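> Here's a sequence, model it:
(one chain, ligands or ions: 4)
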Amino acid sequence: LRGGGSSGAGLTFKAIPPNTLDAVIVPNGYEEQVLIRWGEPILPGMPAFDIDRQSPAAQAGQFGYNNDFLTVVPLDRGFTRGLLVVNHEYTNEELMFRGYKDGATATVRQMQIALAAHGMSVVEVERVERTGEWRVVTRGRRHYNRRLTGSTPMKFTGPAAGSPLLRTAADPRGVQVLGSLNNCSGGLTPWGTVLSGEENFNQYFVGGDGAPADAKPALARYGINTSTRYPSGSRYWDKMDARFDLAKNPHEANRFGWIMEVDPYDPHSTPVKHTALGRFKHEGAAVAVAKTGQAVAYMGDDERFDYMYKFVSDRKLRNGNSKADRESNRRLLESGSLYVAKLGFTSPGEIDGSGKLPNDGAFNGTGTWIPLTKGGKSMVAGMAIDEVLVHTRLAADKAGATKMDRPEDIEVSKKTGKVYVALTNNSRRGASGQPAADEANPRNSNKHGQILEIVEDGENHASETFTWSLPIVCGDPSDPSTYFAGYDKTKVSPMSCPDNLDFDAHGNLWISTDGNALVDHTGENFNDGLFAVAVEGPERGKAKQFLSVPRGAEQASAYVVPDNKSVVVSVQHPGEISGASVDNPASTWPDGDFARPAVVVTWRPDGGEIGA
Ligand code: FEO
Ligand code: CA
Ligand code: CA
Ligand code: CA
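Ligands and ions are numbered 1, 2, ... in the order given. Presented below is the predicted three-dimensional model:
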C-alpha cells in the first residue's frame with residue numbers, strides 16, 4: 001500500500017476521561033473556543049440573534065441550526081484564511097422556540113424559520129497569528145459568505161435528471177428542486193468542491209397514506225409512513241408548503257436523498273444534486289482518485305440493515321487548473337457506475353452474535369462491488385436506470401447486498417488508500433425476524449458499533465473486488481466483545497457509536513461519536529466525544545479520547561486542519577434530552593442560558609501539533 005502509515009505518531013496527549021459535564025472538555029495544554037453558533041449573522045445586514053425575535057428572513061442570513069459535517073477550504077497558500085463550510089442537518093423546534101409544543105400546534109412562521117435553518121453555511125474565517133486558533137471574519141466584504149436553505153434552487157444532473165419520477169406540478173420537467181434537507185456528513189473533492197449527503201429526508205413529509213398505491217412500497221422502503229397522514233413527530237410542513245404533502249405531490253420525496261455538490265468559492269453558483277450517485281439516506285460521500293484516474297465516491301446508507309455503496313466516474317480527473325479542467329472535473333459525478341457492497345466471510349460458522357473473535361484471529365473476508373448501473377445503463381433486471389437511481393435501495397435489495405449495522409461516514413486514508421467505514425450500532429441485529437450477526441456485524445443487539453476497513457484489490461479504488469477487516473469493535477475495553485486491533489485494552493479509551501471520520505496529518509483516524517451508549521455508575525450516559533486512533537504500525541488500535549461535548553450533544557464532525565495545528569469540531573443538538581425545552585434546558589452550553597448548536601475550534605496555545 002502507498003507510503004505506509006504512522007504508528008500512532010503524535011498521539012501522546014493525555015486522554016480525557018469519559019464524563020457527563022455540560023461543557024466541551026479538551027486535554028491539558030489545549031484551548032477551545034466557540035467559533036460560531038446558531039443564529040449568528042453571516043450575511044451583511046442581518047440582525048444579531050435574539051431567540052425572542054426570530055424571522056425566516058433573518059435565519060436565512062444567519063448561521064443555521066444543528067451544524068453537522070464541516071470542513072475548511074483554504075483562501076491562500078499559507079492557509080491563514082479559509083472558508084468554513086458547514087451542513088445544518090435538522091431542527092430541534094422545542095429548543096428553538098419558547099413554549100413550542102409540537103408540529104400540530106406550530107405556527108407557519110416557526111415552520112418557515114425551521115426550513116431556513118436547514119442547509120449549509122459558508123463562512124469566511126481567519127487564523128489568529130502563529131497558533132491554531134481561528135476566528136470568524138466579521139469586517140470587510142465577506143464576499144464568500146453564503147447560506148443554502150431548504151428552499152435554495154438547485155439542479156439535478158445525471159441519468160435520472162428529468163425522469164418522470166422526479167417531475168412535480170411545480171417542476172414538470174423534473175430538473176430543478178428547491179432546497180437540500182437533512183444534510184448530514186459530506187466531503188471535500190480533489191477539485192475543490194464540497195459534497196453533502198441528504199440523510200433522513202423522510203421526516204419532512206406527510207400524507208404518505210394518500211400517495212398513489214403504486215408509489216407506496218418505495219416510499220415505505222425509505223422510511224415514509226404510508227398508513228397515517230401525520231405520523232408521530234410530524235412537522236406539519238404541508239401547512240407551510242403543499243410540496244411536503246405526498247397526497248398532493250407524491251414525487252416531491254424523490255427529490256431528496258441525494259448527494260449535493262457545491263462550489264464554496266462561488267457564492268452565486270447553483271448547487272447540484274447528482275442522480276448518478278443514487279438515492280438513499282446518504283450519510284456522506286468521500287472521494288478518492290483511482291489509479292486509473294477516475295473519481296471514486298464511497299457512500300454509506302445510514303439505516304439498520306442498509307448498505308455501503310461506491311460510485312466510479314466514467315471520465316478521469318484532470319490535474320490542471322485551467323477553466324476547462326475545472327469545468328470538466330465539476331462534471332465528473334454526472335456519469336459513471338454505481339456499485340453496492342457484498343461481503344464474503346472467512347469464519348462464517350464461528351459467529352454466534354457475542355462478538356467472540358474467530359479462531360483465525362480476525363473478523364475479515366473478501367468483498368465484491370456489485371454494479372447497479374454501468375455505462376449509463378441499468379444492471380438490475382426489471383428496473384430502468386432512472387428507477388435504479390431514484391429507488392436505489394430497492395435495486396440493492398435485488399442485487400443481494402450485505403446488510404450492515406448502519407453505515408455512517410466513510411473516509412479514505414490519504415496515507416494508505418485504505419477505506420474506513422463507521423458502522424454506528426444496530427439495536428435490531430439478531431432480533432426475531434431480522435438478520436443475525438455475521439463476521440462484519442458480529443454482535444447481536446449491537447449497542448456500540450464497529451469500524452470496518454476496506455483494502456481495494458490492486459490498490460485501485462475502481463476495483464470491483466476487495467478485502468476487509470474490523471480493526472475496532474467499540475465499547476468499554478473491559479467488555480470482552482470489544483476489539484482494539486489486538487492493542488493492550490488497558491491502555492485505550494472506552495468508545496461507543498462511531499459516526500464521523502477524519503484523519504490527521506500522520507494518518508491517525510479521528511472518530512466522532514453519536515449516541516454514546518456507555519453509562520456511569522448512576523446509569524447516566526456519558527457524553528459523546530472525539531477519539532484519535534492509530535490505524536497503522538505496532539500501536540494500531542490505540543484509541544484515546546481527545547474531546548467531549550456537552551450534555552445531550554452529538555460530536556457530529558471534526559476537521560483536522562492539514563497543518564495539524566487545529567481541530568474544528570461540530571457540536572450538534574446540545575441539550576437534546578427528552579422533555580427539555582428552551583425554558584427547561586438540559587444543557588445551557590455555550591452561553592449559560594439556553595442550548596445552541598455551535599462550531600468549536602481547539603488548538604494548542606504553544607503552537608504545537610494537535611494530538612502531540
Ligand atoms: Fe446524520 Fe447518520 O448521521
Ligand atoms: Ca476471520
Ligand atoms: Ca452522522
Ligand atoms: Ca448519526
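
> List the contacts of Ala505.
Applying CB atoms under 8 Å, 6 or more residues apart in numbering to Ala505 gives the contacts Gly10, Val560, Pro562, Asp563, Asn564, Glu609. Yep, even glycine has a C-beta here, placed from its N, CA and C like the rest.

> how about a cut-off of 7 Å?
By CB atoms under 7 Å, 6 or more residues apart in numbering, the contact set of Ala505 is Pro562, Asn564.

> now swap in Asn426 and tell me
Arg304, Asp405, Arg406, Asn441, Asn446.

> and if we set it to 6 Å?
The neighbourhood of Asn426, defined by CB atoms under 6 Å, 6 or more residues apart in numbering, consists of Arg304, Asp405, Arg406, Asn446.

> from these, which is closest to Thr80?
Arg406 (38.8 Å; CB to CB).

> which among the contacts of Asn426 gets closest to Val86?
Arg406 (23.0 Å).

> which parts of this structure sit against ligand 1?
With CB under 6 Å from any ligand atom as the criterion, the chain meets ligand 1 at residues Glu89, Cys184, Glu199, Glu283, Asp302, Glu408, Asp499.

> Is the first one in contact with Asn67, as I believe?
What it means is Glu89. No - using CB atoms under 6 Å, Glu89 is not in contact with Asn67, being 7.9 Å away.

> Give the full set of residues in contact with Arg221.
Here Arg221 is in contact with Arg393, Leu394 (CB under 6 Å, 6+ apart).

> any idea which helix or strand carries the residue of the stretch 401-550 of the chain found nearest ligand 3?
As assessed by CB to the ion, ligand 3 sits closest to Asp499 within the stretch 401-550 of the chain, at 4.4 Å. Assigned by DSSP states H and E, Asp499 belongs to strand 498-503.

> With Gln110 instead?
Assessed by DSSP H and E, Gln110 sits inside helix 108-116.

> Any regions of this protein where pLDDT drops low?
Within the chain, the segments meeting pLDDT under 70 span 1-7.

> Look at the residue nearest to the spatial centre of it and give its secondary structure.
When CA atoms, centre = their mean is applied to the chain, the residue found nearest the centroid is Ser185 (2.1 Å). For Ser185, the assignment made with DSSP: H, G, I helix; E, B strand; the rest coil gives strand.

> That one touches Ala285, doesn't it?
No - assessed by CB under 6 Å, Ser185 is found out of contact with Ala285, at 8.1 Å.

> pretty sure Arg326 belongs to a strand, no?
No - under three-state DSSP, Arg326 sits outside any strand and is assigned helix.

> Please report how far it lies from Arg315.
Distance, Arg326 to Arg315, by CB to CB, to the nearest Å: 14 Å.

> Please apply the same query to Phe466.
23 Å.

> All the helices of this protein, residue numbers only.
According to DSSP state H, the chain carries its helices in the segments 56-59, 93-96, 108-116, 216-221, 323-329, 385-390, 392-399.

> Kindly reformat those helices as CSV containing distance to Ser493.
Output for the helices of the chain, formatted as CSV (distance: least, CB to CB, whole Å):
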stretch, distance to Ser493
helix 56-59, 38
helix 93-96, 29
helix 108-116, 36
helix 216-221, 38
helix 323-329, 40
helix 385-390, 41
helix 392-399, 35
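
> Nearest approach to Thr193 belongs to which of those helices?
helix 323-329 (8.3 Å).

> Residue of the protein closest to ligand 4, please.
Residue of the chain nearest ligand 4, by CB to the ion: Asp514 (3.9 Å).

> Setting aside sequence neighbours, what's the nearest residue to the residue of the chain most remote from its centre?
In the chain, the residue that sits farthest from the middle, by CA atoms, centre = their mean, is Asn359; the gap is 34.7 Å. Excluding the flanking residues, the one nearest Asn359 by CB to CB, 6 or more residues apart in numbering is Glu350, at 6.3 Å.

> Then Trp369?
Leaving aside its sequence neighbours, Trp369 sits nearest to Tyr339 (CB to CB, 6+ apart; 3.7 Å).

> Which strand residues bridge that neighbour?
For Tyr339, the beta-bridge partners are Lys310, Pro371 (DSSP bridges).

> And for it, the neighbour number?
Tyr339 has 26 neighbouring residues, counting by other CB atoms under 10 Å.

> any idea how far the residue in the stretch 151-300 of the chain positioned nearest to ligand 1 lies from ligand 2?
The stretch 151-300 of the chain approaches ligand 1 most closely through Cys184 (3.4 Å), counting by CB to the nearest ligand atom. Between Cys184 and ligand 2 the distance is 31 Å, computed by CB to the ion, to the nearest Å.

> tell me which residues in stretch 241-260 are buried?
For stretch 241-260, burial by neighbour count (16 or more other CB atoms under 10 Å) applies to 241, 243-246, 249-260.

> circling back: can you verify my assumption that the residue of the stretch 151-300 of the chain closest to ligand 1 contacts Glu89?
Yes - the pair Cys184 / Glu89 is scored as a contact, 5.3 Å apart, by CB under 6 Å.

> which neighbours do the two share?
Jointly contacting Cys184 and Glu89 under the rule CB under 6 Å, 6+ apart are Asp68.

> circling back to that earlier point, output the helices of the chain in CSV, with distance to ligand 4 appended to each entry.
Shown next, in CSV, are these (distance: least, CB to the ion, whole Å):
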stretch, distance to ligand 4
helix 56-59, 24
helix 93-96, 18
helix 108-116, 20
helix 216-221, 20
helix 323-329, 30
helix 385-390, 24
helix 392-399, 18
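
> and of the ones you listed, who's closest to Gln33?
Nearest to Gln33, of all the helices of the chain, is helix 93-96, at 22.3 Å by CB to CB.

> which secondary structure elements does that closest one contact?
Where contact means 3 or more CB pairs under 6 Å, 6 or more residues apart in numbering; DSSP states H and E, helix 93-96 is not packed against any helix or strand.

> Now do that helix: distance to the chain's middle.
Offset of helix 93-96 from its chain centre (CA atoms, centre = their mean, to the nearest Å): 22 Å.

> Show residues contacting it.
By CB under 6 Å, 6+ apart, helix 93-96 touches Tyr100, Ala114, Gly575, Ser581, Ala595.

> where does the protein come near ligand 2, residue by residue?
Counting by CB under 5 Å from the ion, the residues of the chain close to ligand 2 are Thr346, Ser347, Pro358, Asp360, Ala362, Asn364.

> what about stretch 345-357, how long is it end to end?
For stretch 345-357, the first-to-last residue distance is 13 Å (CA to CA, to the nearest Å).

> residues in contact with that stretch?
358, 360, 364-365, 430, 437-439, 442-444, 473, 481.

> cool, and stretch 105-118?
Taking CB under 6 Å, 6+ apart as the rule, stretch 105-118 contacts 54, 56, 59-60, 64-65, 88, 91, 93, 97, 149-150, 181, 237, 239-240.
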